[in-house]
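Enquirer: below is the structure, and that's it, no one-letter string:
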């Protein structure tokens, strides 16, 4: 099969295949604004020195509905948008059900391509997670119980956080700072994105950089006890499903024990499923956090 630039665009330009995408994104923004209005939250906290002047390097924290003895598990959710779009404020709504169930929810921002390189974005998320580990207790969280979720490009970043050699970044950080990551429609092999015209110029990857920043091409350091859960919308393109199979082959079933479809969902619908306590995807994150079973 000859794979043309048009084929890569069809496979990866997920938003173009969803006619009501603008309405879905608007609904996310409205739900997220409601979340920030009605929940106990601390907004726009700098997670790096640069964050004092750069809003892209700040995060939002959403407190658990009730204080948790010994500290609440911490859910860090990384937004998608192909590293070039969206903002933490678009996905505050993810916090609602998890905070109600007893988690401290953290939603970090990052600078966007092409103003920032993908390598810089990865390092910003490393800084964000280091901040969470150092400061979670002050916000009612337990830094020993951090789970990272991410959607699409955020799924790539979540996998990168699982693969990070934390002590190499800072000697005070533990090797298992992130033990569990949940990638929703994640991107683990970046090479095909160089051939998708709708995206390639913005992310600006050459072949070497695409390989260096692909989780599927890197070893998982300190792998013992780590797990990646990979979920993909049932209605997504073949390439998104292949991406999940690729990370399982690369890291093995011992780490990637879960590769599951999200029934009836396209690339944006999976985010609604993540926030919906009735879904298997939501339950998987709930269980990874070690939260008590929902009443009833």
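Expert: Right, received. Where do you want to start? What you are looking at is a predicted structure, and each value in this text was computed from that prediction instead of being measured.
Enquirer: let's check: the centremost residue of the protein is which one?
Expert: For the chain, the residue nearest the mean C-alpha position is residue 150 (1.4 Å; CA atoms, centre = their mean).
Enquirer: which residues touch that one?
Expert: For residue 150, the contacting residues are 77-80, 156-159, 181-184, 186, by CB atoms under 8 Å, 6 or more residues apart in numbering. Heads up, the C-betas are built off the backbone N, CA and C, glycines and all.
Enquirer: show me the residues you listed that map onto strands.
Expert: Taking DSSP state E, the ones among the contacts of residue 150 that sit in strands are 77-78, 181-184.
Enquirer: so which helix or strand takes in the residue nearest to the centre of the chain?
Expert: strand 141-151 (DSSP states H and E).
Enquirer: could you give the mean pLDDT of that strand?
Expert: Mean per-residue pLDDT for strand 141-151: 98.
Enquirer: can you check stretch 67-85 too?
Expert: On average, stretch 67-85 scores 96.
Enquirer: tell me where the stretch 1-150 of the chain has strands.
Expert: Per DSSP state E, counting those that start in this stretch, the stretch 1-150 of the chain carries strands over the ranges 41-46, 58-62, 72-78, 104-108, 141-151.
Enquirer: take those and write them to CSV, including distance to residue 23.
Expert: Output for those, formatted as CSV (distance: least, CB to CB, whole Å):
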stretch, distance to residue 23
strand 41-46, 26
strand 58-62, 24
strand 72-78, 22
strand 104-108, 22
strand 141-151, 18
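Enquirer: of the contacts of residue 150, which is the nearest to residue 128?
Expert: Checking those against residue 128 by CB to CB gives residue 78 as the nearest, at 8.4 Å.
Enquirer: ok, now how distant is the closest one from residue 38?
Expert: Noted for residue 78: a distance of 23 Å to residue 38, by CB to CB, to the nearest Å.
Enquirer: compare these two (neighbour count), which wins?
Expert: Neighbours were counted for residue 78 and for residue 38 using other CB atoms under 10 Å; residue 78 has more, 30 against 9.
Enquirer: how near is the more buried one to residue 125?
Expert: From residue 78 to residue 125 the distance is 6 Å (CB to CB).
Enquirer: and stretch 20-30, what's buried?
Expert: For stretch 20-30, a neighbour-count test (16 or more other CB atoms under 10 Å) marks 24-25, 28-29 as buried.
Enquirer: which residues sit against it?
Expert: 15, 18, 86, 89-91, 93, 268-269, 271-272.
Enquirer: check stretch 219-230 too.
Expert: Under CB under 8 Å, 6+ apart, the answer for stretch 219-230 is 155, 159, 162-165, 175-176, 178-183, 186, 244, 247-248, 251, 254-260, 284-285, 288.
Enquirer: just stretch 136-145 next, same as before
Expert: By CB under 8 Å, 6+ apart, stretch 136-145 touches 42, 61, 63-64, 67-68, 70-74, 104, 106, 132-134, 146, 177, 289-290.
Enquirer: now, of these, which are buried?
Expert: Applying 16+ other CB under 10 Å to the contacts of stretch 136-145 flags 61, 63-64, 68, 71-74, 104, 106, 132-133, 146, 177, 289 as buried.
Enquirer: mind listing the helices for the chain?
Expert: 5-12, 21-38, 95-100, 118-135, 153-163, 166-169, 197-203, 207-212, 238-251, 269-274, 280-288 (DSSP state H).
Enquirer: of the ones you listed, which is nearest residue 218?
Expert: helix 153-163 (5.7 Å).
Enquirer: by contact count, what packs against that closest one?
Expert: Helix 153-163 is packed against strand 72-78, helix 118-135, strand 141-151, strand 180-184, strand 227-233, with contacts defined by 3 or more CB pairs under 8 Å, 6 or more residues apart in numbering; DSSP states H and E.
Enquirer: can you rerun that using 7 Å?
Expert: strand 72-78, helix 118-135, strand 141-151, strand 180-184 (3 or more CB pairs under 7 Å, 6 or more residues apart in numbering; DSSP states H and E).
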